[in-house]
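Enquirer: Here's my sequence, what's the structure:
(chains A and B)
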Amino acid sequence: MGDRLRTPAGRVTVIVLVLTVVLLIFGVWWVSVSLPTTASNTMKAVKDTMLVFSIAAAPVMALVWGVAYFSLRQKRHSGDEPPEDGPPIRGNNRVVLSWVLVSSLLTLFLLIWGLAELTATSATADSPLVVEVTGQQWVWSFKYPDNGGVSTADLVLPADRPVLFKVTSTDVIHSFWLPEMGIKVDANPGIETDTATTPTLLGTFNVRCAELCGLNHSYMQTTVDVVPSADFDTWVQSNGGTVQ
Amino acid sequence: MAEATLVRQEAQPSPGGGIMRRLNMFTGILVGVVLAAVGYLIAHSLWSGDDQGPDQAVIVMEVCWVVGFMIGVGAFAPPIRWILGHDQTHEDEMYLAGENQGVWRYFKYTTDHKVVGTQYLVLAMTTFGVGGLLAMLIRTELSQPGEKFFGGQTYNSLVGVHGIIMIVSTIIMVLGPWGNFIMPIMIGARDMAFPRLNALSFWLLFPAVPVFLSIGFLGGIPTGWVAYAPLSNQAPPGMDAFAVAIIVFVASSMIANTNLIVTAVTMRAKGMTWNRTPIFVIGVVATALLGLVALPCFQAGMIYELLDRSQAASFFVPEQGGSQWLYANLFWLMGHPEVYVILLPAVAAILEIVPVFSRKPLFGYRIAVVGIIAIVALSIMVWAHHMFVSGWAPALDGPFMLTTELISIPTGLIFLAIIGTIWRGNIWLRLPMLFVYGFLWNFMIGGITGIYLSDVPVDNELHGALFVTAHFHYTLLGGAMIGAMAAIVYWFSKMTGRMFDEGLGKAAFWLVMIGFNVTFMAMFYNGLRGMPRRVATYAPQFTNGNVVSTIGAYVIASGMLIFLYATIHSWRSGEKASANPWQAKSLEWFVPSPPPLENFEVLPVVTGDAYGYGEPDSHHTTLPPVASTAVREASA
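Expert: Numbering: from 1, shown residues only, chains lettered A, B, ... in the order given. Here you go, the predicted model:
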């Protein structure tokens, strides 16, 4: 064991393993502290995916950086004349094949994971609350067609009920983004696009425009209040709407 | 020798060149400005009453400027002489190649590939400086929440012009200087296949730069560099300037790319089979091909856009049956291959540099070739990952996620070739190798964060956020531009005959690397927390990240200024370089630094590849290294 660690392959393995652990810790910490609050089932899927990808990426980054660092540390020269030539290694089919195999398997894993999450997050729920979202330079407006056509400039949603957003625009392309709920879809003039989620956390969150839409794009934002179901019904009625 | 010169002078009583003796960059600017003014006045008087009059006048003015410049610089003179039956004589061709014209030849329609390469380098560094300055204005505005220095209109224009100037600069930053200067010597040729087309490609690009800059004086562009319709239809005439500049730039690129491909395919030295062709040449050919496929889509989009704006053609106007998604598709059909057009030449330069400074053969040459070709092939099939949130064709989300993630496999092969070469090498840590290490650090981060974005649910959260901005800056600035800087410090001595200042270069390297990582790590952080791109102001919770980002940007700028100073200083008074200061094996190191007109007295014969480090029996060429020992003895 001790002898093995003293070969170049053994020593670089140690460096790569240590780096992997460091990067794993960093990646998990970074994703957890940076992403916004998880306010919907979609956002939970996004967060899980980012954690899984960070874990999968750590050994890859560690391998490349570890080998580069190790070679530099072992035989480093400076000065005007080049050092002697190194060993003439022109290739190694075993290394190449394992590299291709491992990177293909990793890619396959990412793909399967991604497709599974995509299917789960884009599944249409039965009888969702429908909200018509309209972007125009530079405000959002929301209409609840199934609740007597109540409309508002601040989005209000009941907790734990699937919502289907039907998004459009009256002028240029905007992008309807709920950062805490992990959903985004462009608002296109003359076309309706859909996105869906289920809010899972009570509170007030952001609604943003995420596509440069002209002069006041920076200010095109409002809020979404996620309230208990009963409070939502009260809010609808107090705005002259009907409860289903 | 003196006798020979005398005989030659007697043999040519007329010095050659004809009207080209009187034409140069300044006559080009003069004719361009005059024609632009005339064109503007005529168009203005004809159409000033129309709704689209201002757009038509601006388009006519910009086109007149470009055509006038090309007339004034002499682009049409040789073809017109040919039509009139006056073929170019040998003396005319030698004059066009810049023989005995000193520094003046850099300001003329000169066909020597080394002049064109040098012109490209100076132009790319200049436009990079402009783009960088705009970046500093953006970061200054974002140093605090609230609109402090610029209003929304100006800020949006800054973002858009910064974007497009940087895209153009990075597309030309390796192919232009080193594809033109080094690649022909590397394959053992005396010039490019079409020397006059080479001059044409540069001098078409040159007048496009003022057209880009005129955007700022014509109301700006509110759209960012993507110029999405229908917002672009609302834009002031700055949008017309943008479109004209792109159309001209793409024309220039198509000419340059064709020339590069034909040169590499047909003019390789005797014995230089594809297997013995240096990897940089492979990278240049692959990139040029990719550019030929991708760039015309953008050109077509811009032609349609101009017709929409000036003639109510309604290609992209939804109310009249047009489609904004048609524009988005055309744009990204260019837009994603284009990032590889930027990246691949820099990667190929890195692959060329790594063996020299590891003193080992390139690991897996064939693997690297396969990687490059596979990236080219896949990169034309991934464009719609930029449209995951657009709502266009949700059924294609899965397939485009597949192609996008597949591209990580050939990219991995390139990484394997680099670290396989470095592995157990005797690392000669000179300036070019330092930049290779910088590339490995930055591009790894850029690549990994790209995998997050390839995932549709994650992209739904991060698209349009600063995370994307940070990601592509890691690939294009941290990866491609650091690679381009490696190429500059590596080939600088060949171009100028002087060594790049190692101390200043190292200071620049560390400032740029540290500043870069600080700036864009902070941007990743703010992006993950939900800060959108392209906003002039932001919520207070993003302040800390933005302050850090702005400080980092100033560190990058100081590093870049040192790099610029080091370039100018080394060019003027750097240490004289021998023919082969890096003891490398490819053909450009077998000619003097700087190489004479037509490069080789005797064309080389190639007998092996250029990576035979540690293999005493392996020789790239039978040509003896010119003057390198003599020069070193003289300098010692």
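Enquirer: Measure how far stretch A:33-44 is from the centre of its chain, please.
Expert: Here the centre of stretch A:33-44 is set off from its chain's centre by 9 Å, with CA atoms, centre = their mean, to the nearest Å.
Enquirer: pLDDT below threshold where in the stretch 501-636 of chain B?
Expert: B:624-636 (pLDDT under 70).
Enquirer: should've said chain A
Expert: Using pLDDT under 70, chain A drops low at A:1-2, A:4.
Enquirer: And the helices in it?
Expert: A:2-6, A:8-34, A:41-74, A:93-122, A:229-238 (DSSP state H).
Enquirer: The stretch 251-400 of chain B too?
Expert: B:279-311, B:324-358, B:365-379, B:397-406 (DSSP state H, counting those that start in this stretch).
Enquirer: Tell me which residue is most central in the chain.
Expert: Just going to use chain A. The centre of chain A sits closest to residue A:46, judged by CA atoms, centre = their mean, with a distance of 4.7 Å.
Enquirer: that's the wrong chain, I meant chain B
Expert: residue B:172 (1.8 Å).
Enquirer: pLDDT averaged over the host helix or strand of that one, what's the number?
Expert: Using DSSP states H and E, residue B:172 falls within helix B:152-174. Averaging pLDDT along helix B:152-174 yields 95.
Enquirer: Save the helices of chain A as CSV, and put in distance to chain B too.
Expert: Where you see a C-beta, it was placed from the backbone N, CA and C, and this is true even at glycine. Below are these laid out as CSV (distance: least, CB to the nearest CB, whole Å):
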stretch, distance to chain B
helix A:2-6, 15
helix A:8-34, 4
helix A:41-74, 4
helix A:93-122, 4
helix A:229-238, 24
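Enquirer: Could you identify which of these is most buried?
Expert: Most buried of these by mean neighbour count (mean count of other CB atoms under 10 Å in any protein chain shown) is helix A:41-74; its value is a mean of 20.
Enquirer: Can you work out which other helices and strands pack against that helix?
Expert: helix A:8-34, helix A:93-122, strand A:193-197, helix B:408-422, helix B:431-454, helix B:456-462 (3 or more CB pairs under 8 Å, 6 or more residues apart in numbering or on different chains; DSSP states H and E).
Enquirer: between these, which one is nearest to residue B:599?
Expert: When those are compared by CB to CB, helix B:431-454 sits nearest residue B:599, at 22.1 Å.
Enquirer: quick revisit: tell me how many other residues crowd the closest residue to the residue nearest to the centre of chain B other than its chain neighbours.
Expert: Among residues not flanking residue B:172 along the chain, residue B:124 sits closest, at 5.1 Å (CB to CB, 6 or more residues apart in numbering or on different chains). By other CB atoms under 10 Å in any protein chain shown, 23 other residues sit near residue B:124.
Enquirer: do the same with residue B:547
Expert: Count around residue B:547 with other CB under 10 Å applied: 14.
Enquirer: Which of the three states applies to the residue lying closest to it once chain neighbours are set aside?
Expert: Of all residues not flanking residue B:547 in the chain, residue B:143 sits nearest, at 6.3 Å (CB to CB, 6+ apart). At residue B:143 the chain is in coil, as set by DSSP: H, G, I helix; E, B strand; the rest coil.
Enquirer: give the contact list for residue B:143.
Expert: B:546-547, B:550 (CB atoms under 8 Å, 6 or more residues apart in numbering or on different chains).
Enquirer: Just the ones of these in strands?
Expert: Among those, no member falls in strands (DSSP state E).
Enquirer: Touching, residue A:223 and residue A:203? I think so.
Expert: No - Residue A:223 is beyond contact range of residue A:203, at 10.0 Å (criterion: CB atoms under 8 Å).
Enquirer: What residue spans form the domains of chain A?
Expert: The record's domain parsing of chain A by automatic domain parsing lists A:2-74+A:96-122, A:129-238.
Enquirer: possible to save those domains as a markdown table with distance to residue B:493?
Expert: Listed next are the domains of chain A as a markdown table, based on distance: least, CB to CB, whole Å:
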| stretch | distance to residue B:493 |
| --- | --- |
| domain A:2-74+A:96-122 | 24 |
| domain A:129-238 | 44 |
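Enquirer: Give me the neighbour count for the residue nearest to residue A:81 when sequence neighbours are not counted.
Expert: Computed as CB to CB, 6+ apart, the closest residue to residue A:81 that is not its neighbour in sequence is residue B:583, at 7.7 Å. Residues lying near residue B:583 (other CB under 10 Å) number 16.
Enquirer: circling back to that earlier point, you'd agree the residue nearest to the centre of chain A is up against residue B:459?
Expert: No - counting by CB under 8 Å, residue A:46 does not reach residue B:459; the two are 9.4 Å apart.
Enquirer: For the residue lying farthest from the centre of chain A, give me the backbone phi and psi.
Expert: Residue farthest from the centre of chain A, counting by CA atoms, centre = their mean, is residue A:81 at 49.2 Å. Main-chain torsions, residue A:81, degrees, to the nearest 10: phi -100, psi 140.
Enquirer: again, but for residue B:594
Expert: phi -70, psi 160.
Enquirer: Tell me who's in contact with residue 159.
Expert: Reading this off chain A. Counted by CB under 8 Å, 6+ apart, residue A:159 has contacts A:199-202, A:226-229.
Enquirer: that answer is for a different chain, and I need it for chain B
Expert: By CB under 8 Å, 6+ apart, the contact set of residue B:159 is A:212, B:138, B:224-225, B:534.
Enquirer: Which one of these is nearest to residue B:33?
Expert: Proximity of the contacts of residue B:159 to residue B:33 (CB to CB) peaks at residue B:225, which lies at 26.8 Å.
Enquirer: Which residue, other than its chain neighbours, is closest to that closest one?
Expert: Among residues not flanking residue B:225 along the chain, residue B:163 sits closest, at 3.1 Å (CB to CB, 6+ apart).
Enquirer: how about residue B:169, what does it touch?
Expert: Residue B:169 touches B:124, B:127-128, B:131, counting by CB under 8 Å, 6+ apart.
Enquirer: what about residue B:605, neighbour count?
Expert: Residues lying near residue B:605 (other CB under 10 Å) number 13.
Enquirer: Look up how far residue B:619 lies from it.
Expert: Distance, residue B:605 to residue B:619, by CB to CB, to the nearest Å: 10 Å.
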